[in-house]
Each structure stands twice: as structure tokens, then as C-alpha cells.
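Engineer: This is the structure alone, sequence omitted:
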């Protein structure tokens, strides 16, 4: 158990809908990251937050947004969903957000868009 | 930008045999290098990382990797595998910075047979 909690574990929704994925980081970790894992794109970095502020952005679509709240949990919002958004979405956390520290990954939320 | 190429998509190996997973990277700046493992239906777990210093890095579960700057490689090895090592292995790179924007390879699936 990494200490990172993601909910829900599975999500099935229709095209055009909007969903919210939630992540609770390990106790004491200030930085949260979101990754998308799909069969065709592999593991892609989406976005990083540190203590409530966006720190780095990757291949995140405009239909996707994220935020980190004062209690440090984070939410990833996916809207106008398309079939191609079906993927495993991982959240990870680390104490400092620096690249030389270990990031701990949650078990992921599997999103299926039908 | 950084990129990672994992040269083998699937590696079948017999129990107690050695295994080597190959990883090459490309980057115009100095990087940190990582190997992660993903067991079935789980999140990613850090096996080992290279930050600086000795080019031979030892990780968890008996794995080690060697950083070769001239060949831009970071191959992962284990001298004797167990059935429990069956998993997907990801090589990743991050530039040396205050963000944690990991670029992952496509992954290598290791299947250990008795």
C-alpha cells in the first residue's frame, strides 16, 4: 500500500459526460501528479501540483482540468468525454515535488467511456 | 524534451534465470533515471533510481541498473528471477529540476515461467 488513495477504482460513463477523479496523497506529501495510461499512448504525464499551485503541465487536454485543495487532496475533472479518453488514470504524490525524490503511486482509476 | 525507448516489449524468462531489460534515453539536458514496476492491477512502484555518483545502482527485490552516459542507456538486471517478478517494467527519465515530469518508456512485460 503506497498510502495514496484514489477514488473511484472503476468508472463507466457515456460519451459527452463529465467525471471527477479524486486523489488523497500520502500524509505529509505536498505534491500531487496525474498520469494517464492507455494502450495506444502508454504512460503520459498530465499535470503536477505543489501545495495548491500548478507546477508543471504535460499532455493534458483542454477538456481536462485539475486542482489541489487546501487539504492537499486533488481532483481531476474530465469533460466532454470521448471514447479515446478510456484509460487508467494514476495519481502520485511526493513530499517536495522535486525530481530527485520518490513519487508514490495510487492504484489508479479505470475509466471506461462507452 | 526527453524520451525513452525500451527495446523489448516482452521478455519471457525461466525461474532462477537472469534477466536484462534494456532502456535507452534521449535528452539535451542532464536527467535523472528511474525504473518502475507495475504488478497486475496495481499502481507503479519505484525499483531504483539514478541521480548521480556511482553508475551502478542497486534497488529493491534484488534488481540493479547501470547508467551508461556514452551509450545513453540505463539497463535493468536481476541475476535470478522469481515467479513473483512477473510484471510490467517501465524505464523513466526526468530532467533535473523542481518538477517531476516523468517521461516513461512503453514498458517491458516480463513473464517468469517455472
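Structural biologist: Perfect, I can see it now. Since the model is a prediction, treat every value here as computed from it, not as a measurement. Numbers count the residues shown, from 1 in each chain, chains lettered A, B, ... in the order given.
Engineer: Spatially central, which residue of chain B would that be?
Structural biologist: By Cα atoms, centre = their mean, chain B has its centre lying nearest to residue B:35, at 3.3 Å.
Engineer: Just to check, it is in contact with residue B:93?
Structural biologist: No - Residue B:35 lies out of contact with residue B:93 (Cβ atoms under 8 Å); the separation is 10.7 Å. Every C-beta, even on glycine, is put in place using the N, C-alpha and C of the backbone.
Engineer: tell me the contacts of the residue nearest to the centre of chain B?
Structural biologist: B:21, B:23, B:46-49, B:59, B:63, B:65, B:74, B:76, B:89-92 (Cβ atoms under 8 Å, 6 or more residues apart in numbering or on different chains).
Engineer: and which of those is nearest to chain A?
Structural biologist: Of all the contacts of residue B:35, chain A sits closest to residue B:46, with 5.2 Å by Cβ to the nearest Cβ.
Engineer: Burial check on the closest one, number of neighbours?
Structural biologist: 17 (other Cβ atoms under 10 Å in any protein chain shown).
Engineer: what do you get for residue B:87?
Structural biologist: 20.
Engineer: Could you give the separation of the lowest-mean-pLDDT helix or strand in chain B from the chain centroid?
Structural biologist: Least confident element among the helices and strands of chain B, by mean pLDDT, DSSP states H and E: strand B:103-104 (a mean of 92). Strand B:103-104 sits 11 Å away from the centroid of its parent chain (Cα atoms, centre = their mean, to the nearest Å).
Engineer: which bits of chain A sit near chain B?
Structural biologist: A:2, A:4, A:31, A:33, A:35, A:42-45, A:48, A:55-56, A:58, A:90, A:92, A:94, A:97-103, A:105-108 (Cβ under 8 Å from any Cβ of the partner chain).
Engineer: Can you say which of these are buried?
Structural biologist: A:2, A:4, A:31, A:33, A:35, A:42-45, A:48, A:55-56, A:58, A:90, A:92, A:94, A:97-99, A:103, A:105-108 (16 or more other Cβ atoms under 10 Å in any protein chain shown).
Engineer: among the residues you listed, which are in helices?
Structural biologist: Residues of these located in helices (DSSP state H): none.
Engineer: quick revisit: so is the least confident helix or strand of chain B next to chain A?
Structural biologist: Yes - under the criterion of Cβ under 8 Å from any Cβ, chain A is reached by strand B:103-104 at B:103-104.
Engineer: how about the residues of chain B near chain A?
Structural biologist: Residues of chain B lying near chain A (Cβ under 8 Å from any Cβ): B:32, B:36, B:41-46, B:49, B:51, B:90, B:92, B:94-107.
Engineer: contacts for the host helix or strand of residue B:48?
Structural biologist: Secondary structure from DSSP states H and E places residue B:48 in strand B:44-50. For strand B:44-50, contacts defined as Cβ under 8 Å, 6+ apart pick out A:2, A:90, A:92, A:100, A:102-103, A:105, B:32-39, B:57-61, B:63-65, B:67, B:74, B:76, B:89-90.
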